[in-house]
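*Asks:* Fold the stuff below for me.
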Amino acid sequence: MVLLRQEIGSALRARRRELGRTLREVSADASVSLGYLSEIERGEKEASSELIASVCRALGLRLSELLEVVTEHAASAETVTTLPVREPVVQAASAA
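*Replies:* Presented below is the predicted three-dimensional model:
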């Protein structure tokens, strides 16, 4: 099962690490506590849209870019999940 908070946290952490920034730097720029940002990145807290937008700004990331990454990861995770297989519909032979 895909949890949105985990996908968002993972994407934010990946971006922060790409930039070589520390949690402390991003938390200061986003005006969010260090501990809370850490919990968000670990997918332990459901962040408000305002807070996510603030963290995105601190990372130089558009919200739409974050959502694209989250969507791709969620879609990928969903395809791994076993989906029910439907049997093909067989047309009955018409009587002639």
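*Asks:* So what's the gap between stretch 71-78 and the chain middle?
*Replies:* 8 Å (CA atoms, centre = their mean, to the nearest Å).
*Asks:* tell me which residues of the helix or strand containing Val69 are tucked away?
*Replies:* Using DSSP states H and E, Val69 sits within helix 63-80. By neighbour count on 16 or more other CB atoms under 10 Å, the buried set for helix 63-80 is 66, 69-70, 73. C-beta here means a position set from N, CA and C on the backbone, and glycine is covered the same way.
*Asks:* same thing with stretch 42-59?
*Replies:* In stretch 42-59, counting by 16+ other CB under 10 Å, buried: 43, 45, 47, 51-56, 58-59.
*Asks:* Out of those residues, which is nearest to Arg24?
*Replies:* Distances from Arg24 to the buried residues of stretch 42-59, taken as CB to CB, are shortest for Ala58 (11.5 Å).
*Asks:* my guess is that closest one meets Leu23, correct?
*Replies:* No - using CB atoms under 8 Å, Ala58 is not in contact with Leu23, being 10.9 Å away.
*Asks:* Just give me the neighbour total for the residue nearest to Arg42 when sequence neighbours are not counted.
*Replies:* In space, and not counting its chain neighbours, Arg42 is closest to Gly9: 5.9 Å by CB to CB, 6 or more residues apart in numbering. Look at Gly9: counted by other CB atoms under 10 Å, it has 25 neighbours.
*Asks:* got the contact list for Ser38?
*Replies:* The contact partners of Ser38, taken as CB atoms under 8 Å, 6 or more residues apart in numbering, are Leu23.
*Asks:* actually Gly43, sorry about that
*Replies:* Gly43 is in contact with 3, 5-10, counting by CB under 8 Å, 6+ apart.
*Asks:* can you rerun that using 6 Å?
*Replies:* By CB atoms under 6 Å, 6 or more residues apart in numbering, the contact set of Gly43 is 5-6, 9.
*Asks:* same for the host helix or strand of Arg17, what does it pack against?
*Replies:* Element membership of Arg17 [criterion: DSSP H and E] is helix 4-18. Counting contacts by 3 or more CB pairs under 6 Å, 6 or more residues apart in numbering; DSSP states H and E, helix 4-18 packs against helix 34-41, helix 63-80.
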